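S.K.: model this:
(2 chains)
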Amino acid sequence: MSDEEDDRSRQPGTTATSIARLERDQGYDDSEEEAQPINTGKSRDARREEEEDDEEEEEDDEDDEDGKLPHPRLYSNSTLTLMFMNRDRRERQTKGKLNAILYPTYLLTSCAPAKQRHKRSRANRYLDVEAEVDDEDEDEDEEDDFAGAENGFIEQDISFNDRPQDVRSHRRLDRRDAEDMSRDAREIARELRERYRRDNKTYDGSANFSDRKANMPGPGDPKLWQVRCKSGTERNVVNTILMKGFVKAEEGDPLLIYSAFQRDSLPGLVFVEADKAQHVDAALKGISNVYLQTPRNNQAKNNPIQLVESRDMVSLLTMKKKVTTVKKGMWVRVKRGKYAGDLAQVNDVQPDGLTAAVLLVPRIDYEPDNRSAEDRKRKKGAGGAANSLANRAPQRLFSHEAVQERYGRGAAFKKSGRWIFKDEEYTADGLLDKEYPITSLQTEDVHPTLTEIARFGGDDLSAIADKNSTTSISINLDALAEQSRRTAGSNVQPGDRVEATEGELAGMRGIVEAVSGEVVTIRATDSDVGSVELAGKSVKKIFNVGDHVKVTHGRNQDDTGMVLRVDANTVTYLSDLTQMERQAFAHDLREAAAVGTTGGRIGDYEMHDLVMVDALTAGVIFQTERDALKILDQNESVRNLRPTQISSKVGPEAKRAIGLDKDDHEFRVGDQMREYMGEGRRGQVLHIHRGLYVFLYSKDMAENGGIFVTRSKNLEPLDSRPTAGPDLSKLDPSINQNLPQYVSKQGGNYRHLINTKVVIIKGTNKGIRGMIKDTTGDKARVELETNNKVVPLPFDWLKKRDPVSGQLTPLQVYRVGQAVMASERMDSSTNPYANAGPMMPTPLTMGGPTPASGVPYGMTPNPYAMAGGGRTPAPGLAYGMTPNPYAQMGGGKTPAAIGWGTTPNPYAAAGGRTPAIGGRTPFDGGRTPAFGGRTPFVGSGLGAPTPNPYAAVTQNWNQNAGFGGNNAPAAQAASGQGWGTPGGVAGGNAWGAPPPPPPAQTNPYASNNNNEGW
Amino acid sequence: MFFMKKLSHTIHLHPSYFGPKIQEVILQKLYADVEGTTNGRYGYVVAVNSIDNLTDLQAGSRVLYGSGDAEFTLQYSAIVMKPFKGEVVDAIVDKVGKLGFFAYLGPMQIFVSTFYIPDDLRFQPESNPPSFVSDQAGESIKRGAKVRIRLMGIRTDQTELFAIGSIKGDFLGLLDQ
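M.R.: As a prediction, this is how the structure comes out:
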């Protein structure tokens, strides 16, 4: 702005006069404070017009003004108002003004053209339209916007015309006219060109304007100071400074500052232009909400008035050119209020361009009572506003019926096809028609999603498309796709199949070869054009049915699926994870590898991960959205959480967790299980949480992505096909059987021993009784009866104490079914069965868990489990802890199998349930009858069917041990019959369904075999 | 489509298995490892048909240093099922929903969307079991029905095959019961 540069050198005095006069003339006083700035300083050109008026007055009484001018600094007041004026308008000003805004000081002076300019403008008005444009062209449009200012100008103009002294200017005009006439056209043209050239040099808005450096504030120029004030009061503060400036000037003690302004983008700050900090201080003193006191705790900013560095001044005063083109039909988002963040469609724009009527999906509260009660409760806490936003009613189309039901008849009434409810208007389609200032609408980066748009039609996209013609809201999906494609930029990558949409190659299909910036190189596939370069925006991606695609943007980001249908811009695909049909814009998709990926990963969390929702609750992710996870927690409730809300992810070690099913059999992650009670759902075990909650996944279930949760005790194995057999890269387990191998006890699970009464047999506490309260590793935490102390002790030091008899038995350290043995427990030399071990061809069955066989006492151990190595706890019928003298036979610690009272069972050693026949041929020398004359356990009704493993084992044993087992009757043949006889009488005869085999007499083991057949 | 395909598989064996039954063990392992798996390239391995190098297994095997494991590379021929885009297959309907139906062809699940079901077949939500019922012939697609489907797209996972198909077209759709 060369004008302004010139003006810089001028004395501001005269203009200052004019401003001061202007204010006086217009009867400026405090009462008109609100209205006045609009007239005085709304805009530069408005003021300039006024200046021109003043000039005229000046001509009247020029002389008496001089000499008693107010302090020139007063002039800054007008700049204050300039800065204070409505920012929206300010920002709509065209670039030509930016220069002025950049340098307030110069602006001051530039606003103050004295007579020279006056002359020209005077002439311009009548003579040379271009000349006026020359000077003011950038203000033209602005003038249109400010009807008020313009009106004022017109008024003035009229009065100006009426004045007699106009004759002078008329004369001047005539004179100049005549001059022009005398010049030749070429000269005029040259002059015009000159003018325009000069005009062209004005600030073009670009940052690289060459003269810019010259405009930079120098060391001699006033400085900019920043002062903190209460956030939100910035405008008031600036306004008050202006008032103060006027008042002080009237008092003859003007402020020594040049300008003051604030930026909306910098809340809590006011900027003052002055030479010295004291001037700022003086100007701001006494103005409320300005923090001139040093905050005591803030040592760093010890001076409340801070200098803005000169390099920051420019950016501080740079106005971004903001083109708000709000048009009917475009999508916007509401910034504030109840509908903050909601998508809206512009329905109408007010002529002033400041407000727009938008259509929204209403959030009418159909349950105000519940909600407000909740609200009130919450508001007692903190952050009421935030809560109310989170607690706002869901988006739902206006329903007259629902409103009537909730708010009573007459709450909403119809007026010219629209519903009025609570002073708000709803269209016939149920949308809210609401006016918003454009400043509170977000017009850029709106990115409407299909889901959001679908809400406008009541969650049915196709309905919108159908209604397209009839509804007031027209949703042109194609246009929308186009719009979002353009805003998102071309989203193509090498390898994508695309189609040209514009240009002479429109319709050509090809494969993207390279992308550099916005230029895409495409190798045509349907013609032999070869490779062509196209703008990224003029191609669109194409997909074929059956393509495997991945969503790259939007709500379903990272979802993968197979394309089912391709429309103009939208693609329907079948999601791999949910097997639901979903829609996406073609440009949001890209082709994925044909082999499915797990997908659905957000940060550290992946689909089907086990995560801790809080310290106590675990859940499984079954759906991932762009930034939210859907989690089914252990209580079967579905939670929608963001990744940050998850307290932790359960580590991979959880994969090794073991659960116990309804029969106390172990199962692991990956097993196929079925619900025992309830719905009988079946699925694959995904996670076992705390051995209690089991998360399963079933492909056949639609809800919760196929995930369900149940208790481990409510599961039974689905007849799983046998696992792949032994791990061939590890040692053959059958060899394992043979080796007296020490297995660390630490791996054992001792939890079943909790609450067992024990006596300590070693150490300082020897002889003291206690109870196991907890187990850790290979130690038990024993609560001593004497002093309630809890001491950790090795299991070796403890013996179980029968609370009734006081008898001591070793702890059953190993749980049933756990194929673990300890070498020190095993005495293979005394164990006849040990020999049978190595030859056994079916090692897997050896260590296998023995089913409980329905005995109410829980677990019946398999005495053969370890081929004599395992210690067999008492089977179901063990009342009391009868020590078994034959323990070593069966291997270690087999208590009486059928020990009624204290009678030891000699046959237990030979295998739990083989008493009857064996009883007749005791191999122990017949010390004690097996049943002591009592009813055999069969008769007690407790004799559930013998588990099968016995049969198998016995057979093997027969064959391999060479105890004459080959002569034994077929095990299966006899199986079940004897047991099936209820109320079997004491004595072996009750069992005698099969005749005692001859070898029984000679070989005690043979008889055992026979019995095993049961 | 089914193919007889020559494939190879490598098995590692712990020394403890070295013995008279080694061959049996190896075969068991091969069957367990290979049958019923999906290979993105060759499709679904239905069954191992024969092992080509069984007689001279030792030739292709070696003992690994460090572990003592033996490594066997088995050359075998297997029957594989490899579905192709555009292929027409017969499948059995498993689940019917309003979006379409799922059918199974052996291990492969096929989804047929309503887009690819002829317009005269309409979903009857009230029917039990849910089915697509034709306007004219009274034929209906419900669980257990046999249908002829043209495959439109195939996805192969490590363990499963999935396809979408169409019954819109000549000679496609419900087969005579």
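S.K.: So the chain: which segments form each domain?
M.R.: Answering for chain A, as no chain was given. Taking automatic domain parsing as the domain assignment, the record places the domains of chain A at A:2-215, A:331-467, A:601-717, A:843-1012.
S.K.: other chain: chain B
M.R.: Residue ranges for the domains of chain B, per automatic domain parsing: B:2-81, B:88-174.
S.K.: Comparing the domains of chain A by mean pLDDT, which bottoms out?
M.R.: When those are compared on average pLDDT, domain A:843-1012 comes out lowest at a mean of 39.
S.K.: What helix or strand is residue A:189 located in?
M.R.: Following DSSP states H and E, the helix or strand that holds residue A:189 is helix A:185-200.
S.K.: Could you name the helices and strands sitting against that helix?
M.R.: Contacting helix A:185-200 under the criterion 3 or more CB pairs under 8 Å, 6 or more residues apart in numbering or on different chains; DSSP states H and E are the following elements: helix A:129-136. Using the backbone N, CA and C atoms, a C-beta is placed for each residue, glycine as well.
S.K.: Could you rerun that using 10 Å?
M.R.: On a contact count with 3 or more CB pairs under 10 Å, 6 or more residues apart in numbering or on different chains; DSSP states H and E, helix A:185-200 meets helix A:2-8, helix A:129-136, helix A:166-182.
S.K.: could I get that helix in PDB with only the CA atoms?
M.R.: Taking only C-alpha atoms (Å, rounded to 0.1, in the frame of the first residue of the first chain), the coordinates of helix A:185-200 have been written out as PDB:
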ATOM      1  CA  ALA A 185      -6.100  10.300 -24.900                       C
ATOM      2  CA  ARG A 186      -2.700   8.600 -24.900                       C
ATOM      3  CA  GLU A 187      -1.600  10.700 -22.000                       C
ATOM      4  CA  ILE A 188      -4.700   9.800 -20.100                       C
ATOM      5  CA  ALA A 189      -4.200   6.200 -20.800                       C
ATOM      6  CA  ARG A 190      -0.700   6.400 -19.600                       C
ATOM      7  CA  GLU A 191      -1.800   8.100 -16.500                       C
ATOM      8  CA  LEU A 192      -4.400   5.500 -15.900                       C
ATOM      9  CA  ARG A 193      -1.900   2.800 -16.400                       C
ATOM     10  CA  GLU A 194       0.300   4.500 -14.000                       C
ATOM     11  CA  ARG A 195      -2.300   4.500 -11.500                       C
ATOM     12  CA  TYR A 196      -3.200   0.900 -12.000                       C
ATOM     13  CA  ARG A 197       0.400  -0.200 -11.800                       C
ATOM     14  CA  ARG A 198       0.600   1.500  -8.500                       C
ATOM     15  CA  ASP A 199      -2.500  -0.200  -7.500                       C
ATOM     16  CA  ASN A 200      -1.200  -3.500  -8.500                       C
END
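S.K.: between it and helix A:166-182, how big is the angle?
M.R.: With axes from the mean of the first three to the mean of the last three CA atoms, to 10 degrees applied, the angle from helix A:185-200 to helix A:166-182 works out at 120 degrees.
S.K.: So what's the model's average confidence on the helix or strand containing residue A:248?
M.R.: Taking DSSP H and E as the definition, residue A:248 sits inside helix A:234-250. In this model, helix A:234-250 has a mean pLDDT of 89.
S.K.: Can you tell me the SS state at residue A:805?
M.R.: Here residue A:805 is coil, with the state taken from DSSP: H, G, I helix; E, B strand; the rest coil.
S.K.: Tell me the pLDDT of the closest residue in space to residue B:51 that isn't next to it in sequence.
M.R.: Counting by CB to CB, 6 or more residues apart in numbering or on different chains, residue B:51 lies nearest to residue B:76, which is 4.6 Å off, once chain neighbours are set aside. You'll see residue B:76 listed with a pLDDT of 92.
S.K.: Now find how far off-centre the helix or strand containing residue B:76 is within its chain.
M.R.: Secondary structure here is read from DSSP H and E; on that basis residue B:76 sits in strand B:70-81. In terms of CA atoms, centre = their mean, to the nearest Å, the centre of strand B:70-81 is set 18 Å apart from its chain centre.
S.K.: and the helix or strand just after that strand, does that touch chain A?
M.R.: Toward the C-terminus, strand B:70-81 is succeeded by strand B:88-97 as the next helix or strand (DSSP H and E). Yes: Strand B:88-97 lies within reach of chain A by CB under 10 Å from any CB of the partner chain, at B:94, B:95, B:97.
S.K.: Mind listing what's buried along strand B:88-97?
M.R.: Neighbour counts using 16 or more other CB atoms under 10 Å in any protein chain shown place B:89, B:91, B:93, B:95, B:96 of strand B:88-97 among the buried residues.
S.K.: go on, stretch A:692-702?
M.R.: A:693, A:694, A:695, A:696, A:697, A:698, A:701.
S.K.: and the helix or strand where the second one lies, what does it pack onto?
M.R.: Remark: residue A:694 resides in strand A:693-697, with elements defined by DSSP H and E. When contacts are defined as 3+ CB pairs under 10 Å, 6+ apart, strand A:693-697 sits against strand A:618-624, strand A:629-633, strand A:672-675, strand A:682-689, strand A:707-711.
S.K.: Please name the nearest non-neighbouring residue to the spatially most central residue of chain B.
M.R.: For chain B, the residue sitting closest to the mean C-alpha position, by CA atoms, centre = their mean, is residue B:107 at 3.8 Å. The spatially closest residue to residue B:107, leaving aside those adjacent along the chain, is residue B:44, at 5.3 Å (CB to CB, 6+ apart).
S.K.: now do residue A:224
M.R.: Distance criterion CB to CB, 6+ apart; nearest residue to residue A:224, sequence neighbours excluded, is residue A:308 at 4.1 Å.
S.K.: where do the strands sit along chain B?
M.R.: B:2-13, B:38-39, B:43-51, B:62-63, B:70-81, B:88-97, B:100-105, B:108-113, B:121-124, B:131-134, B:140-141, B:146-156, B:161-166, B:173-174 (DSSP state E).
S.K.: wait, what's in contact with the residue in chain A that chain B sits nearest to?
M.R.: Sorted by distance to chain B under CB to the nearest CB, the residues of chain A start with residue A:546, at 2.3 Å. Counting by CB atoms under 10 Å, 6 or more residues apart in numbering or on different chains, residue A:546 makes contact with A:562-564, A:594, B:85-86, B:151-155, B:163-166.
S.K.: And the buried ones among those residues, selectable in PyMOL?
M.R.: For selection in PyMOL, the members of those meeting the burial criterion (16+ other CB under 10 Å) are listed in this command:
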select buried, (chain A and resi 562+563+564) or (chain B and resi 151+152+153+154+155+163+164+165+166)
